[in-house]
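*Asks:* Have a look at this prediction, sequence included:
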Amino acid sequence: MPISLRGSLHTIKYRLALIAEGTCVLRYDNEAGKGDHKHLGATEVSYVFESVDKLLADFMQDVKGWFDDNA
């Protein structure tokens, strides 16, 4: 049986990132010990993981928002 990553309540390990001009401007990940969270520029905020589909939808919504704000 798979074991949850320390800090997460699920067994999914993920890291999604948007890189612009060589800089990570948006990242969703779940480092061991930190659990699920996202980085918006230099700011780190908690993220509630519900499913892979929701994770991808949330990430793509933030990607769209970043492009809308930086057009």
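*Replies:* Yep, it's here. Numbers count the residues shown, from 1 in each chain.
*Asks:* measure residue 50 to residue 41 for me?
*Replies:* Distance of residue 50 to residue 41, given as C-beta to C-beta, to the nearest Å: 24 Å. In short, each C-beta sits where N, CA and C put it, glycine included.
*Asks:* Select the longest strand from this structure.
*Replies:* Of all the segments assigned as strand in the chain under DSSP state E, the longest by residue count is strand 23-31.
*Asks:* Neighbouring strands - and their directions - for the next helix or strand after that one?
*Replies:* Tracing the chain past strand 23-31, the next element assigned as helix or strand by DSSP states H and E is strand 35-40. In the sheet, strand 35-40 lines up against strand 23-31 (antiparallel), strand 43-46 (antiparallel) (DSSP bridges).
*Asks:* OK, contacts around residue 69?
*Replies:* For residue 69, the contact set (C-beta atoms under 8 Å, 6 or more residues apart in numbering) is empty.
*Asks:* what does residue 46 give?
*Replies:* Residue 46 touches 35-37, counting by C-beta under 8 Å, 6+ apart.
*Asks:* Need the pLDDT of it.
*Replies:* We have a pLDDT of 94 for residue 46.
*Asks:* and what of residue 1?
*Replies:* Predicted confidence (pLDDT) for residue 1: 67.
*Asks:* do residue 10 as well
*Replies:* Note for residue 10: predicted pLDDT of 86.
*Asks:* how much space is there between it and residue 40?
*Replies:* 22 Å.
*Asks:* on that earlier part again, out of the strands paired with strand 35-40, deepest packed?
*Replies:* strand 23-31 (a mean of 16; mean count of other C-beta atoms under 10 Å).
*Asks:* Please tell me how far residue 51 sits from residue 60.
*Replies:* For residue 51 relative to residue 60 (C-beta to C-beta), the value is 14 Å.
*Asks:* go on, residue 14?
*Replies:* Applying C-beta to C-beta to residue 14 and residue 60 gives a distance of 14 Å.
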